[in-house]
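> Okay, sequence plus prediction incoming.
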Amino acid sequence: MLVTVGQFGATTDKSANLEAATALIEQAAAQGSQLIVLPENAMYSNSDVTADIVSETEPLDGPFATTIGALAKQHGIAVVAGMTEAPGGGSGKPSNTVIAVDSGGDLVGVYRKVHLYDAFGYRESDRVQAHKPEPLIFTLGDLTFGVMTCYDLRFPEMARFLVDAGAEALVVPAAWVAGPAKEDHWITLARARAIENTAYVIACGQTGPACTGHSAVVDPMGQIAASAGEAPGVASAVIGAERVKTVRAKNPSLTNRRFEVVPA
């Protein structure tokens, strides 16, 4: 199947963000892709760490998620996208959420970020609620996909947690903040997660100036099958279960493992 990463730089203008997402979905569908992955925080992104983002949040049946579902149905393409979900659970903080919508426009799963970005001088946990690990797994064509978000990529146990749940392709919406060596970290970690799990990695990040871009599809041997560079746009690659099977027969590291991943 053909899969696409569609990258852009989201802002505080939710209408403009949705327009950008719409254009990328249309472009991917026109290419014949069965899945497009959009970045983390595709609905709304505010780099001002002092800003109150609660007023900009939306529920899962709000305008953003509803429109993404309608676009998926209209164009016959599955969509994975990040949003800022309205507070729940009594914490008063919103969730950094990823939705997965099938080609019929139905919501097939939700992932709420586990590892919040409290690193490199930033504290996501000051305004976002962390969640316990619950795997978002969905099947498309002959492949099973698992979803994580941005900073989760730095934790190998998160990827293995999804692979243990059946994932053969890891989907990673992100807003990978730019900075010294950060682009290298992004690509290196995406390739590492692919190699150690003998799985595809479909990693889509926001573009500059705040983020690195360089969204990529990485194959189970760690080779970059498609890369989007720095500018907004798409990159696509053909992926399939047979490639996973071949790589896992050649490199049976999952079979040879001696440790289990148990969430804290």
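Done, it's in. Residues are numbered from 1 along each chain as shown.
> hang on, S125 is in a helix, isn't it?
Yes: counting by DSSP: H, G, I helix; E, B strand; the rest coil, S125 is part of a helix.
> what's the spacing between D142 and A192?
According to C-beta to C-beta, to the nearest Å, D142 and A192 sit 25 Å apart. For every residue, glycine as well, the C-beta is placed using N, CA and C.
> In terms of packing, which of those two has more residues around it?
Neighbours around D142 and A192, counted as other C-beta atoms under 10 Å, are more numerous at A192. The numbers are 17 against 13.
> Go ahead and confirm the more buried one touches P156.
Yes: at 7.5 Å, A192 and P156 qualify as touching, with contact defined as C-beta atoms under 8 Å.
> so what sits against both of those two?
Here A192 and P156 have no joint contacts, going by C-beta atoms under 8 Å, 6 or more residues apart in numbering.
> who's in contact with the strand or helix carrying A65?
In this assignment (DSSP states H and E), A65 forms part of helix 63-75. Outside helix 63-75, the residues that touch it by C-beta under 8 Å, 6+ apart are 14, 18, 21-22, 25-26, 29, 43, 58-59, 78-79, 81, 83, 99, 101-107.
> roughly how far out does it sit from the chain middle?
Averaging C-alpha positions (C-alpha atoms, centre = their mean, to the nearest Å) puts helix 63-75 17 Å from its chain's average.
> between the helix or strand following it and helix 63-75, how big is the angle?
Per DSSP H and E, the first helix or strand lying C-terminal to helix 63-75 is strand 78-85. Strand 78-85 runs at 170 degrees relative to helix 63-75, counting by axes from the mean of the first three to the mean of the last three C-alpha atoms, to 10 degrees.
> Restricting to C-alpha, output stretch 134-151 in CSV.
Backbone C-alpha positions of stretch 134-151 (Å, rounded to 0.1, in the frame of the first residue of the first chain) are rendered in CSV as follows:
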residue,chain,number,x,y,z
GLU,A,134,-2.8,2.3,26.2
PRO,A,135,-1.9,1.0,22.8
LEU,A,136,-3.7,2.5,19.8
ILE,A,137,-3.5,-0.4,17.2
PHE,A,138,-5.4,-0.5,13.9
THR,A,139,-5.3,-2.6,10.8
LEU,A,140,-5.1,-1.3,7.3
GLY,A,141,-4.7,-3.6,4.3
ASP,A,142,-2.3,-6.3,5.3
LEU,A,143,-0.5,-4.3,8.0
THR,A,144,-1.1,-3.6,11.7
PHE,A,145,-0.2,0.0,12.8
GLY,A,146,0.6,1.3,16.3
VAL,A,147,0.6,5.0,17.3
MET,A,148,2.8,7.1,19.5
THR,A,149,3.7,10.8,19.6
CYS,A,150,6.9,12.8,19.2
TYR,A,151,8.9,12.6,22.5
